[in-house]
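> okay, predicted coordinates and the sequence, questions at the end:
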Amino acid sequence: MPAFQTSPGMRDILAPESARWRAFTAVFADVVESAGYQLIIPPLMEDLGVFSRIGEATDVVTKEMYDFFDKGDRHVALRPEQTASVCRAFVQHRPVTPWKAWYSGPNFRYEKPQRGRYRQFDQVGIEVLGVNDAHLDVEVIALGSEFFRRLGLRQVELRINSLGEPADRARYVDALRTHFEAGGEDLSAASRDTLTKNPLRVLDSKRVSDAPYIATAPTIDQFWSDDAAAHFHTVQAGLSQLDISFVIDMKLVRGLDYYRHTTFEFVGGTLESAQNALGGGGRYDGLVEDLGGPTTPGIGFALGVDRTLLACDDEGVFAAPDPSVDVFVVDTAGGASALAITAELRAAGISADRSYDNRSMKAQMKGANRSGAAFAVIVGTDEIDAGTVTLKPLRSGGEQSIVPMAHLVSDLRSRLQEANS
RNA sequence: GUGGCCGUAGCUCAGCUGGUGGUAGCGCCAGGUUGUGAUCCUGGAGGUCGGGGGUUCAAGUCCCCUCGGUCACCCCA
């Protein structure tokens, strides 16, 4: 056992998984940039107050924050999510609206780790500030769906709900409180505790003793204002217009306190685990205001990279990209030729690797095979004297041939093109 | 934070009611082929059995603690 290993809930992402992560982000960027979203890179650390607006009653804020005092005695925290940072950035820089931002990067929550749940975990996401239009809700949800489609996922379920306007939500919360309080001691102790802080989240309880009360709880639709109902109706109509299937889940509450109106969640179809929520989001009209900015509507979503990749594993899609180089240079004459040839090939846009330490030809050929290269370029004293190299196909059949050093790049270019067609 | 299960080579694992760590598979290195990989054959390296303590003549095996993983609750991505 090594003296040091990663802290709990933290891990190294090594190849080939790391390449898959990079490809994952690239696909996401491609999808959202095609809709006018631009990258924002907020800091990993912010004033604690930025995050406490997420929800005074949430574990994310009350128990799981990595917070500390810096050397200037500022109370700061590693971000547990990025929506609050994006809103803080909006207030700080006041970009013109609609402001469409996307992000990708790690967040930190001090939780007990589990599959699909880490203390440092990556999310990708988008946020739009300054637009109330229900069509934007549709666009945001549609981009999430499109991303899953581009990854190859076919079994992701979209669940949507509306929490109504703040006043609707408040009246609903009162009704829920009354309903659950009637349950008295039959309700689990944990839920009774949750009830005092945020009755909405009792709906999320998985404790069996709570199930009967949750089943008979009033539903949010009875409390929607006309405007809220119309907004939600427009969202549903828009999704249908785009052929995006969804289910309405009146108990979909979402964890963070800032959500209003449309909320949604993407759930993996194959993940039989408690961590099957791949991501989610919603409207959060009010968050910018809480952070000291003007009244500004907002909407966005965040997707967990780990969980989405687990779903990809389950569906057998989005494999790690092939890390192979094009060419592997084998040099039995000391390595100086390999140095020159790899440099020349790389400069010409042909990826090339080699071995080191002047190993035996057999060992170098093994390295060539392992590298996945389509061709081995072999140089020894014979080739050096003749100004040639030996070119050996490794993956297709075919005989090796001797080519003049001067023709190597052009020769390889055409043969690689041939091999890829 | 609470509870269940698990921890043996780089990886995947065998190891019975305690009795000398496995010719195990994959991977790695070398040789067979002194200039040819992937296939085949042969050989080799690589372990404080997660860590600490205890019981015992004897502990990978039993007990306690601890660290880590995993699953469920919780929370959430």
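It's in. Keep in mind it's a predicted model, so treat the numbers as computed, not measured.
> next helix or strand past the helix or strand of chain A with the lowest mean pLDDT?
Using mean pLDDT, DSSP states H and E, helix A:59-62 stands out as the lowest-scoring helix or strand of chain A, at a mean of 77. Sequence order places strand A:67-69 as the next helix or strand after helix A:59-62, per DSSP states H and E.
> could you list the buried residues of that following strand?
Under the neighbour-count criterion of 16 or more other C-beta atoms under 10 Å, strand A:67-69 has A:D67 buried. Quick note: C-beta positions are derived from backbone N, CA and C, even for glycine.
> what lines up beside it in the sheet?
strand A:75-78 (antiparallel) (DSSP bridges).
> how about the strand it pairs with: buried residues?
So strand A:75-78, judged by 16+ other C-beta under 10 Å, has buried residues A:76-78.
> what do you get for stretch A:151-170?
Residues A:151, A:153, A:156, A:158-165, A:168-169 are the ones in stretch A:151-170 that count as buried (16+ other C-beta under 10 Å).
> could you do stretch A:55-69 as well?
A:55, A:57-58, A:60-61, A:65-67.
> farthest-separated two in those residues?
A:A57 and A:Y66 (19.4 Å; C-beta to C-beta).
> before we move on, the earlier item: would you turn the buried residues of stretch A:151-170 into a markdown table with distance to A:R413?
Output for those, formatted as a markdown table (distance: C-beta to C-beta, whole Å):
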| residue | distance to A:R413 |
| --- | --- |
| A:L151 | 32 |
| A:L153 | 36 |
| A:V156 | 41 |
| A:L158 | 46 |
| A:R159 | 51 |
| A:I160 | 51 |
| A:N161 | 56 |
| A:S162 | 57 |
| A:L163 | 58 |
| A:G164 | 62 |
| A:E165 | 62 |
| A:D168 | 65 |
| A:R169 | 63 |
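> in strands only, show me the residues you listed.
A:158-162 (DSSP state E).
> out of those residues, the closest to RNA strand B would be?
A:R159 (11.1 Å; C-beta to the nearest atom of the strand).
> residues contacting the nearest residue to the closest one once chain neighbours are set aside?
Of all residues beyond its chain neighbours, the one nearest A:R159 is A:D249 (4.2 Å), with distances taken as C-beta to C-beta, 6 or more residues apart in numbering. For A:D249, the contacting residues are A:159-161, A:265, by C-beta atoms under 8 Å, 6 or more residues apart in numbering.
> contacting RNA strand B as well, which ones from these?
A:E265 (C-beta under 7 Å from any atom of the strand).
> let's have the contacts of A:D249 in TSV, adding pLDDT.
Converted to TSV, the contacts of A:D249 look like this (pLDDT from 0 to 100):
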residue	pLDDT
A:R159	94
A:I160	95
A:N161	95
A:E265	94
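> make JSON lines from the contacts of A:D249 and add distance to A:D385 to it.
Output for the contacts of A:D249, formatted as JSON lines (distance: C-beta to C-beta, whole Å):
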{"residue": "A:R159", "distance to A:D385": "71"}
{"residue": "A:I160", "distance to A:D385": "73"}
{"residue": "A:N161", "distance to A:D385": "76"}
{"residue": "A:E265", "distance to A:D385": "69"}
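> quick one: low-confidence ranges for chain A?
For chain A, applying pLDDT under 70 flags the ranges A:1-2, A:57, A:255, A:270-275.
> so what are the domain limits for it?
A:17-165+A:225-315, A:327-420 (automatic domain parsing).
> residues of the stretch 101-250 of chain A that sit close to RNA strand B?
With C-beta under 7 Å from any atom of the strand as the criterion, the stretch 101-250 of chain A meets RNA strand B at residues A:109, A:111-118, A:121, A:123, A:190, A:194, A:201, A:204-207.
> any quick ChimeraX command for the buried ones out of those?
In ChimeraX, a selection of the buried entries from these looks like this (16+ other C-beta under 10 Å):
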select /A:109,111,116,117,118,121,123,194,201,204,205
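> so what's A:V267 up against?
Contact partners of A:V267, counting by C-beta under 8 Å, 6+ apart, are A:156-157, A:159, A:276-278.
> need phi/psi at A:V156.
A:V156 adopts backbone torsions of phi -80, psi 130, taken as degrees, to the nearest 10.
> was I right about it contacting A:G269?
Yes. Judged on C-beta atoms under 8 Å, A:V156 makes contact with A:G269 at a distance of 6.1 Å.
> which residues are in contact with both of those two?
A:A311.
> quick one, phi/psi of the residue of the stretch 1-150 of chain A found nearest RNA strand B?
Nearest residue of the stretch 1-150 of chain A to RNA strand B, counting by C-beta to the nearest atom of the strand: A:R115, 2.6 Å away. Dihedral pair for A:R115: phi -60, psi 130, per degrees, to the nearest 10.
> close enough to count as contact, it and A:L309?
No. Between A:R115 and A:L309 there is no contact under C-beta under 8 Å: 11.7 Å.
> give the buried residues for stretch A:268-288.
Neighbour-count burial for stretch A:268-288 [16+ other C-beta under 10 Å]: A:268, A:270-271, A:276-288.
> what do you get for stretch A:349-364?
Within stretch A:349-364, judged by 16+ other C-beta under 10 Å, the buried ones are A:350-355, A:359, A:364.
> just those that are near RNA strand B?
Restricting these to those touching RNA strand B (C-beta under 7 Å from any atom of the strand) yields A:R359.
> from the buried residues of stretch A:349-364, which land in strands?
Filtering those for strands - DSSP E - leaves A:352-354.
> nearest residue to A:W21 in space, please, no chain neighbours.
A:I13 (5.8 Å).
> and the gap between the one you found and A:V305?
Applying C-beta to C-beta, to the nearest Å, the value for A:I13 to A:V305 is 9 Å.
> the two: which is more packed in?
The neighbour comparison of A:I13 against A:V305 (other C-beta atoms under 10 Å) goes to A:V305, with 23 against 13.
> these two touch, right, that one and A:Q120?
No. Under the criterion of C-beta under 8 Å, A:V305 is not in contact with A:Q120, lying 11.1 Å apart.
> now do the helices in the stretch 51-200 of chain A.
A:59-62, A:83-93, A:134-151, A:166-182, A:189-197 (DSSP state H, counting those that start in this stretch).
> who does the last one touch, helix- and strand-wise?
Taking 3 or more C-beta pairs under 8 Å, 6 or more residues apart in numbering; DSSP states H and E as contact, the helices and strands that helix A:189-197 lies on are helix A:166-182.
> return the set of buried residues in the helix it packs on.
Residues of helix A:166-182 classed as buried: A:168-169, A:171-173, A:175-177, A:179-180 (neighbour count, 16+ other C-beta under 10 Å).
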